[in-house]
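J.: Sequence plus the predicted model coming up.
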Amino acid sequence: MHEATARALNDLNLALSAERAAEWDAVRERPWHGFTRAIRWLADLDAPRLRLLDVGCGNGRLALALAEPLAARGTTLEYVGIDASAPLLERARARAPDGARFERADFVANPAEAALPPGPFEAVALFGVLHAVPGHACRRALLAAAASRLTPGGLLALTRWCFAESAERQRRIVRRERMAGAGRALTVGVLLTALGAISACADRPGAAAPITLVFKHAHILGQGNPIPKLIAEFEARHPGVHVQAEALPWNSDEQRQFFVINLEGDSPGFDVMMLDVIWVPEFARAGWLLDLTAKLAPDELAAFFPSTVEAATHGARV
């Protein structure tokens with residue numbers, strides 16, 4: 001990956017964590033199941049003192065998960081957590097167990113070898129962090145730097161996304177040779193719903209008058225937001241139709257709650273909505289989605305990724 005691209009992605013991740021730190025902290029209070037396995041392995045090290053480096057520590061929940069069980073075994077935990085997100089580190093420090101220390105370090109913007117504390121450590125953890133490190137080379141450098149901080153016989157514990165082992169997730173992988181049409185494919189749900197809303201409006205009395213479509217969508221951070229350009233292109237192809245875009249909170253639970261409350265009230269006040277793919281069956285069964293199947297030409301969906309079309313299909317209907 002080009003260095004400029006990696007830095008841009010890292011900046012986007014940092015902006016997202018700054019804006020949503022409180023939400024992320026609220027949903028990351030309980031320990032992962034993997035923490036339990038890590039505790040068992042750490043106990044096998046049989047060391048009276050355990051020095052642990054938590055790379056990408058976030059709100060420091062690993063420190064909380066380890067402190068009590070290790071203390072019960074008579075092991076003193078010397079925990080060091082590093083992260084690039086200052087807001088998450090503030091929350092980590094507010095609840096940190098005794099002896100825990102947190103440092104701000106950006107191991108994407110800076111070489112990992114220089115960004116990580118020197119150690120040594122009996123254990124280094126990278127839980128839920130590698131997928132947020134852009135580029136294969138950067139991930140390899142981070143792992144190499146983490147492993148170099150270990151004492152002989154130390155533990156390197158990490159998590160990774162296992163897309164290759166899941167047939168369901170493999171269908172969602174975008175192949176490099178098909179990236180040229182990615183922007184169009186990724187917005188198929190929005191475009192199809194918009195077409196349905198326009199068709200519905202056109203069937204109403206007085207449809208020749210100017211039409212305003214209210215489009216509710218998730219708030220998209222960063223400069224890569226495709227929505228303004230898509231709306232401009234759509235309005236250019238459909239004179240007399242104006243799209244009024246209104247952003248919802250970034251949190252998907254809040255978005256779903258907004259849609260359900262308004263749609264159940266039968267007076268939603270919007271025509272088009274951007275949905276999480278997992279909501280499509282529920283919303284279709286409730287009668288909240290317009291069936292576009294009969295309005296589509298036989299080859300109209302051929303330009304879109306099959307997995308994207310599948311996500312917008314329920315009961316063989318789009």
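T.: Sure, I can see it.

J.: what's in contact with stretch 37-56?
T.: Residues from elsewhere that reach stretch 37-56, judged by C-beta atoms under 8 Å, 6 or more residues apart in numbering: 60, 62-63, 65-66, 69-70, 73-83, 107, 116-117, 119-129, 132, 142, 146, 149, 153-155, 157. From N, CA and C alone the C-beta is placed, and that goes for glycine too.

J.: Just those: which are in strands?
T.: Counting by DSSP state E, the contacts of stretch 37-56 place 76-83, 121-126, 153-155, 157 in strands.

J.: Quick check on those: which are buried?
T.: By neighbour count, with 16 or more other C-beta atoms under 10 Å, the ones in strands among the contacts of stretch 37-56 hold 77, 79-83, 121-126, 154-155, 157 as buried.

J.: quick one: which helix or strand includes A15?
T.: Assigned by DSSP states H and E, A15 belongs to helix 3-19.

J.: Which strands and helices lie in contact with the very next helix or strand once past that helix?
T.: Downstream of helix 3-19, the first helix or strand assigned by DSSP H and E is helix 21-27. Counting by 3 or more C-beta pairs under 8 Å, 6 or more residues apart in numbering; DSSP states H and E, the packing neighbours recorded for helix 21-27 are helix 86-94.

J.: Flag the shaky bits of the stretch 51-200 of the chain, pLDDT-wise.
T.: 162-200 (pLDDT under 70).

J.: Break down it into its helices, ranges please.
T.: Assigned by DSSP state H, counting those that start in this stretch, the helices in the stretch 51-200 of the chain fall at 61-72, 86-94, 112-115, 136-148, 167-170, 182-186, 188-202.

J.: Name the residues that touch the first one?
T.: Outside of helix 61-72, the residues that reach it under the criterion C-beta under 8 Å, 6+ apart are 28-31, 35, 38-39, 42-43, 50, 52, 54, 57, 76-77, 79, 81, 92, 95-98, 100, 125, 127.

J.: same question, the third one
T.: Counting by C-beta under 8 Å, 6+ apart, helix 112-115 makes contact with I82, A105, D106, F107, C138, A141, L142, A144, A145, A146, S148, all of which sit outside it.

J.: can I get these in TSV with distance to L213?
T.: Conversion of these to TSV gives the following (distance: C-beta to C-beta, whole Å):
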residue	distance to L213
I82	47
A105	46
D106	42
F107	44
C138	42
A141	47
L142	45
A144	52
A145	51
A146	50
S148	56
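
J.: which two from the residues you listed end up farthest apart in space?
T.: Spanning the widest gap among the contacts of helix 112-115 are D106 and S148, at 18.7 Å by C-beta to C-beta.

J.: if we can go back for a sec, ok, so of the contacts of helix 112-115, who is nearest H314?
T.: Closest approach between those and H314, by C-beta to C-beta: C138, at 39.4 Å.

J.: my read: that closest one touches T5, true?
T.: No. With contacts counted by C-beta atoms under 8 Å, C138 stays clear of T5, the gap being 10.8 Å.

J.: So which of these two has more stuff around it?
T.: C138 (19 against 11; other C-beta atoms under 10 Å).

J.: could you measure R140 against P134, distance?
T.: Plainly put, R140 is 12 Å away from P134 if you go by C-beta to C-beta, to the nearest Å.

J.: repeat for G128
T.: Applying C-beta to C-beta to G128 and P134 gives a distance of 15 Å.

J.: ok so, going back, which of the contacts of helix 112-115 are buried, as a PyMOL select command?
T.: Paste this into PyMOL to select the buried members of these, with burial taken from 16+ other C-beta under 10 Å:
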select buried, resi 82+105+107+138+141+142+145+146
